[in-house]
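A.B. asks: Pasting the sequence and the predicted coordinates here, then a few questions.
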Amino acid sequence: MLRIHFTPEDFTRIRVAGTPDPLWEITCSLHRLQTTRGRWAYADWYRTTRGTLAGTGLGAAVRQLLVPVLPRARYLPDFLTPHESADGLDRGLAAIVDTPPARVAREVRTLDRLSGAPSWAPRLVERGTREELVKALRAYHEAVVAPHLDRICAGIAGERVLRARQTLDAGIDGLLAGLSPLMRWHPPVLHVEYVEDRDLYLGGRGLRLVPSYFCWQSPISLADDTLPPVLVYPLHDSRPPTAVSADDAPLAALLGRTRAAALRSLALGATTSELARFLGVSPSTATHHTTVLRDAGLITSRRWHNTVLHTLTPLGAAMLRRAPAAPGGAQDTHVDFRS
């Protein structure tokens, strides 16, 4: 359990990222390649990525360089997800290269002790080795993350709208109480289901909340409590579907054209009145459609004072996704792009 302790000053310094943090998205997407957990939610991305990396030098770099230092494990080096990444990929990569060697050495030793480090990792204290690692990170981002940025940005934009509504309707308490089923807000402490048991005292520094498209279920924080506090957490269920069919005819045949349009419009979440405006129908008609979709298990509805916010369930998202099986089978947990 991670317990994040707030002071009154911290409440005024909470920030929710409005754009993807490229190095956190790189890190979390690498974690998606290391497990089958949540693969259904990223099936289209996984198929595309496997095809992009198979038999390439970049695929070898992912296996030999990136995954070993950014493992899906108890610990990963904080210097690889610097605060500067909030200002874009270039700033983040430059910060990695400029990390003091003493800090790199310390974090590599911690990686080796807690998660296991590759034999070449101690050479990261050398600037040239970090520059080579940064080249691999940039190439991975360009090939694997950047082609999906529209979808990623849309998901984070929808998340930001939802969090803004929570804050406006219920204040900071509403924001912190509604972040994730794996977080519980007992003022002044946010309890987060975590890989280890520890306390993080913000001490007036505030907290940067980073919604991540590729983060799945388990939130992530930095290991070093002296660094600017950050909490990376998965998008709400209103994330857009990971693959959208160009032809909605089968969905329309199943649900009806208007109801199919309603389902797709709820990919980013919408209130009843917003849905009515989108569909060009009366609020009562929109309510009828959302009732049918909710009864079918395709959406969930939450009441916020005098409005109702509708978002997709996993089943609803699956209805908007193509469904061929992922290559390699559902039990393939290895990062292997050789074939």
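C.D. replies: The structure has been received and is ready for your questions.
A.B. asks: Now the terminal residues of stretch 288-308, how far apart.
C.D. replies: End-to-end distance of stretch 288-308 (C-alpha to C-alpha, to the nearest Å): 13 Å.
A.B. asks: cool, stretch 298-312 as well?
C.D. replies: Stretch 298-312: ends 6 Å apart by C-alpha to C-alpha.
A.B. asks: quick one, strands of this structure?
C.D. replies: Along the chain, counting by DSSP state E, strands occupy 2-5, 14-16, 183-186, 189-192, 198-201, 207-212, 220-221, 230-234, 270-271, 299-304, 307-312.
A.B. asks: How about residue 7: what's its closest non-neighbour residue?
C.D. replies: residue 204 (5.5 Å; C-beta to C-beta, 6 or more residues apart in numbering). All C-beta spots, glycine's among them, are computed from the backbone N, C-alpha and C.
A.B. asks: Likewise for residue 261?
C.D. replies: residue 279 (6.2 Å).
A.B. asks: Next, count neighbours for residue 136.
C.D. replies: 17 (other C-beta atoms under 10 Å).
A.B. asks: contacting residues for it?
C.D. replies: Residues in contact with residue 136 (C-beta atoms under 8 Å, 6 or more residues apart in numbering) are 58, 61, 62, 65, 66.
A.B. asks: Look at the residue lying closest to residue 34 once chain neighbours are set aside and report its pLDDT.
C.D. replies: Once flanking residues are discounted, residue 34 sits nearest to residue 72: 4.3 Å by C-beta to C-beta, 6+ apart. On the pLDDT scale, residue 72 is placed at 90.
A.B. asks: Quick one: residues contacting residue 72.
C.D. replies: 30, 31, 34, 35.
A.B. asks: switch the cut-off to 10 Å
C.D. replies: Counting by C-beta atoms under 10 Å, 6 or more residues apart in numbering, residue 72 touches 27-28, 30-35, 37, 115, 216, 218, 333.
A.B. asks: Just the buried residues of the residues you listed.
C.D. replies: Using 16 or more other C-beta atoms under 10 Å as the burial test, the contacts of residue 72 include 27, 28, 30, 31, 32, 33, 115, 216, 218 as buried.
A.B. asks: quick one: the third one and residue 252, what's the gap?
C.D. replies: In this structure, residue 30 lies at 37 Å from residue 252, with C-beta to C-beta, to the nearest Å as the measure.
A.B. asks: In a markdown table: the strands of the chain, plus mean neighbour count and mean pLDDT.
C.D. replies: Formatted as a markdown table, these follow (neighbours: other C-beta atoms under 10 Å; pLDDT from 0 to 100):
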| stretch | mean neighbour count | mean pLDDT |
| --- | --- | --- |
| strand 2-5 | 17 | 95 |
| strand 14-16 | 16 | 92 |
| strand 183-186 | 16 | 92 |
| strand 189-192 | 18 | 94 |
| strand 198-201 | 14 | 95 |
| strand 207-212 | 23 | 94 |
| strand 220-221 | 22 | 93 |
| strand 230-234 | 22 | 93 |
| strand 270-271 | 22 | 80 |
| strand 299-304 | 16 | 81 |
| strand 307-312 | 21 | 82 |
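A.B. asks: Can you add distance to residue 105 and give those back as CSV?
C.D. replies: As requested, the strands of the chain are arranged in CSV below (distance: least, C-beta to C-beta, whole Å):
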stretch, distance to residue 105
strand 2-5, 26
strand 14-16, 31
strand 183-186, 34
strand 189-192, 29
strand 198-201, 23
strand 207-212, 26
strand 220-221, 22
strand 230-234, 23
strand 270-271, 50
strand 299-304, 48
strand 307-312, 45
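A.B. asks: Looks like residue 167 contacts residue 209 (just checking).
C.D. replies: No: counting by C-beta atoms under 10 Å, residue 167 sits too far from residue 209 to count as a contact (11.0 Å).
A.B. asks: Now do the shared contacts for these two.
C.D. replies: 14, 16, 175, 176.
A.B. asks: Pick out whichever of those sits closest to residue 8.
C.D. replies: Among the shared contacts of residue 167 and residue 209, residue 14 lies closest to residue 8 (C-beta to C-beta), at 11.9 Å.
A.B. asks: contacting residues around the residue lying closest to that closest one once chain neighbours are set aside?
C.D. replies: Distances taken as C-beta to C-beta, 6+ apart place residue 207 nearest to residue 14, at 5.4 Å, with adjacent residues excluded. Residues in contact with residue 207, defined by C-beta under 10 Å, 6+ apart, are 4, 6, 10-11, 13-16, 176, 190, 200, 221, 228-231.
A.B. asks: thinking again about what came up before, out of the buried ones among the contacts of residue 72, list just those in helices.
C.D. replies: Among these, the members found in helices (DSSP state H) are 27, 28, 30, 31, 32.
A.B. asks: Does the first one touch residue 220 like I think?
C.D. replies: Read it as residue 27. Yes: with contacts counted by C-beta under 10 Å, residue 27 reaches residue 220, the gap being 7.9 Å.
A.B. asks: quick revisit: for residue 122, state which of the contacts of residue 207 is nearest.
C.D. replies: residue 221 (25.5 Å).
A.B. asks: Just the helices from this protein, written as ranges.
C.D. replies: Counting by DSSP H, the helices of the chain are 8-11, 22-32, 43-53, 57-61, 67-69, 89-97, 101-114, 127-140, 149-177, 249-255, 257-265, 272-279, 283-295, 314-319.
A.B. asks: Alright, I will stop here.
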